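In: Build me a model from this:
(one chain, ligands or ions: 3)
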Amino acid sequence: MKANAERIEQSIKELSKFTATPGQGVTRLTYSAEDLQARKYIKEKMKDYGLTVTEDGFGNIFGKLDGTLENAPSVIAGSHFDSVPNGGAYDGTAGVVVGLEVAALFQEHNLKPAYPLEIIAMVEEEGSRFGGGLMGSRGMMGLLTEEDFNTLSDHDGVLAIEAMQKIGLDPTKPKVRDPQSIKAFLELHIEQGPILEEKGIDVGIVEAIVGLAQLEVTVQGQAGHAGTTPMNRRADALVSAAKIIAALPELATEESADTVITTGRLNVFPNGANVIPDKVVFTLDIRSGDEAHVKSALQKVKALMATYDKDGIQIAVEEQLFIQPKKMDEKIKELFKTASDELGIPYHSMNSGAGHDAMVFSDYTASGMVFIPSKDGLSHCPEEWSDASHLAAGTDILFKTAVRLTEATTNDK
Ligand code: HGY
Ligand code: MN
Ligand code: MN
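Out: Ligands and ions are numbered 1, 2, ... in the order given. Purely as a prediction, here's the structure:
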């Protein structure tokens, strides 16, 4: 029995309805009303497929199919279900839906695994609401202290724990997961780039995920009247921010061919057409497959900003996330390749330029990722689209791999 492409497509479609920006892509921020709608749908599906549903103290959702072995670690499959603003219907969601489909196939095959199977839907991978990113997986692995989480707030000053309680979640539930309780982590994700489509290959098997640094920069100047303030008496925060940002593409290119730097969010204060901006807050996202380039680019960016920290301009930098490049587990990659060969599905071994929860889990358990093509290489935008037949092919690979990983081994008998 193979994955049901129609069932997959239907779930993707249903989940895409849970957005704050209907008609303008998927905007599903963590602990929002749209989160709650998606959460209810995911939990219902988990119950339909015979899973025991729980949520942790971050609001990560788990659907567990118990194994026959006592206290055995789980094979976890899934991804995140939050989005970027005006994002697509597949980023993260595809991995959750494919995880649900794997559970449906276990049910249809009436499989009784030795090791438990858990399907997971994680919160705040994008960091769109609370900054930083990879929060659900980092929290699970104990990389977020209770104090850090309890003081975490969004751009409007709403505390994460308040937002949780508002949608009926309980932040006092257990948060940290013992890594010994996880045997493997499997994640299907859309490629979010053009490579698989250009090669005409339906499946990618991820070798490594780029390292990344995410910063929030505050440029403080002096507000003033646009008409009466001479040009030589201004401390214009926006002019300084613009000069810094304009220098970044060249800085990235000079660092290395695969170093990328992006300013995705920028806010001007007080944002009046006839007021000299006194403050600008913007983000920096720095990535490379080589940790040395991420670190070097980070240093160069800081040095560049220091040259503008004068004449009434002050610059503050908050490092929100730094994570090294992560290699995927050799055994998991081999299992994916074996399953692909058995299914007659060609695959392409490749790196990921996008960050994923798998890069957190890879420090604690055997982790692997399967990619499927993104139409026109587009992602993080309403045009994001992937073919349900590719999702089904990816599901078949994850299903075969999950069956193998949840089977009893010789030393279990
Ligand atoms: O930013 C990323 O790479 C991921 O989409 N969170
Ligand atoms: Mn994303
Ligand atoms: Mn994602």
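
In: Ramachandran coordinates for the spatially most central residue of the chain?
Out: Centroid check for the chain by C-alpha atoms, centre = their mean gives Glu125 as the closest residue, at 3.7 Å. Main-chain dihedrals, Glu125, degrees, to the nearest 10: phi -70, psi -40.

In: So what pairs up with the closest residue to it other than its chain neighbours in the strands?
Out: By the measure of C-beta to C-beta, 6 or more residues apart in numbering, the closest residue to Glu125 outside its immediate chain neighbours is His80, 3.3 Å from it. To be clear about C-beta, it is placed using only N, CA and C from the backbone, and glycine gets the same treatment. Beta-bridge pairing for His80 (DSSP bridges): Met122.

In: Next, the distance between the ends of stretch 218-225.
Out: Using C-alpha to C-alpha, to the nearest Å, the end-to-end distance of stretch 218-225 comes out at 21 Å.

In: just stretch 284-295 next, same as before
Out: Terminal residues of stretch 284-295 lie 13 Å apart, using C-alpha to C-alpha.

In: pLDDT score for the residue lying closest to Gly142 once chain neighbours are set aside?
Out: Excluding the flanking residues, the one nearest Gly142 by C-beta to C-beta, 6+ apart is Val176, at 4.3 Å. pLDDT for Val176: 97.

In: Look up how far ligand 1 lies from Val176.
Out: Going from Val176 to ligand 1 by C-beta to the nearest ligand atom, to the nearest Å gives 22 Å.

In: Thought Met141 was touching that residue, still the case?
Out: Yes. With contact defined as C-beta atoms under 8 Å, Val176 counts as touching Met141 (7.4 Å).

In: In terms of neighbours, single out the busier of these two.
Out: Taking neighbours as other C-beta atoms under 10 Å, Val176 and Met141 compare with Met141 leading, 20 against 15.

In: now the strands: where do they sit in the stretch 1-150 of the chain?
Out: Secondary structure of the stretch 1-150 of the chain, counting by DSSP state E, counting those that start in this stretch: strands at 52-55, 61-65, 74-80, 117-122.

In: quick one, which of those is nearest to ligand 3?
Out: strand 74-80 (5.8 Å; C-beta to the ion).

In: Give me the residues contacting that closest one.
Out: 64, 67, 92-96, 98-99, 102, 113, 115-126, 136, 181-189, 356-357, 361, 398, 402, 405-406 (C-beta atoms under 8 Å, 6 or more residues apart in numbering).

In: Could you do stretch 145-156 as well?
Out: Stretch 145-156 has contacts (C-beta under 8 Å, 6+ apart) with 58, 129-130, 139, 159-161, 163, 171, 175.

In: and with 7 Å instead?
Out: Here stretch 145-156 makes contact (C-beta atoms under 7 Å, 6 or more residues apart in numbering) with 129-130, 139, 159-161.

In: can you tell me which of the strands of the stretch 1-150 of the chain comes nearest to Lys327?
Out: The minimum distance between Lys327 and those falls on strand 74-80, with 18.8 Å, by C-beta to C-beta.

In: Give me the angle between the closest one and strand 117-122.
Out: Using axes from the mean of the first three to the mean of the last three C-alpha atoms, to 10 degrees, the inter-axis angle of strand 74-80 relative to strand 117-122 is 30 degrees.

In: Which positions within strand 74-80 qualify as buried?
Out: Within strand 74-80, the residues that count as buried by 16 or more other C-beta atoms under 10 Å are 74-80.

In: Likewise for stretch 97-109?
Out: 97-106.

In: Same question for stretch 217-230.
Out: If you call a residue buried by 16+ other C-beta under 10 Å, then stretch 217-230 has these buried ones: 217-224, 229.

In: Can you tell me which of those residues is nearest ligand 1?
Out: Checking these against ligand 1 with C-beta to the nearest ligand atom, the nearest one is Val217 at 17.6 Å.

In: chain center to the helix or strand containing that closest one: distance?
Out: If you go by DSSP states H and E, Val217 is part of strand 211-220. Offset of strand 211-220 from its chain centre (C-alpha atoms, centre = their mean, to the nearest Å): 18 Å.

In: I would like the residues contacting that strand, please.
Out: The contact list for strand 211-220, computed with C-beta under 7 Å, 6+ apart, reads 131-133, 237, 240-241, 279-288, 291, 294, 298, 305, 313-325, 355.

In: Repeat that for stretch 292-305.
Out: Outside stretch 292-305, the residues within contact range by C-beta under 7 Å, 6+ apart are 211-213, 217, 244, 247, 251-252, 255-256, 259, 261, 284, 286-288, 315, 317.

In: close to ligand 1, is it?
Out: No. On the criterion C-beta under 6 Å from any ligand atom, stretch 292-305 is out of touch with ligand 1, staying 13.3 Å away.

In: likewise stretch 198-215?
Out: No. Judged by C-beta under 6 Å from any ligand atom, stretch 198-215 and ligand 1 are separated, with a smallest distance of 7.0 Å.

In: any idea how far Gln107 lies from ligand 3?
Out: Using C-beta to the ion, to the nearest Å, we find Gln107 at a distance of 26 Å from ligand 3.

In: give the contact list for that residue.
Out: Contacts of Gln107 (C-beta under 7 Å, 6+ apart): 49-50.

In: if we go to 10 Å?
Out: 48-51, 65 (C-beta atoms under 10 Å, 6 or more residues apart in numbering).

In: do the same with Val102
Out: Each residue near Val102 by C-beta under 10 Å, 6+ apart is listed here: 3, 49, 65, 75, 77-78, 117, 119, 186, 188, 395-396, 398-403.

In: can you do 7 Å?
Out: 77, 119, 395, 398-399, 402.

In: and the strand or helix carrying Ala208, which residues are buried?
Out: If you go by DSSP H and E, Ala208 is part of strand 203-209. Across strand 203-209, burial judged by 16+ other C-beta under 10 Å covers 203-206, 208-209.

In: Leaving aside the residues adjacent along the chain, what's closest to Gln192?
Out: Per C-beta to C-beta, 6+ apart, closest to Gln192 is Ser379, 3.6 Å.

In: neighbours of the one you found, just the number please.
Out: By the measure other C-beta under 10 Å, the count of residues near Ser379 is 22.

In: That one belongs to a strand, doesn't it?
Out: No. Under the criterion used here (DSSP: H, G, I helix; E, B strand; the rest coil), Ser379 is coil, not part of a strand.

In: Just the pLDDT at Asn411, thanks.
Out: pLDDT, the model's per-residue confidence, is 84 for Asn411.
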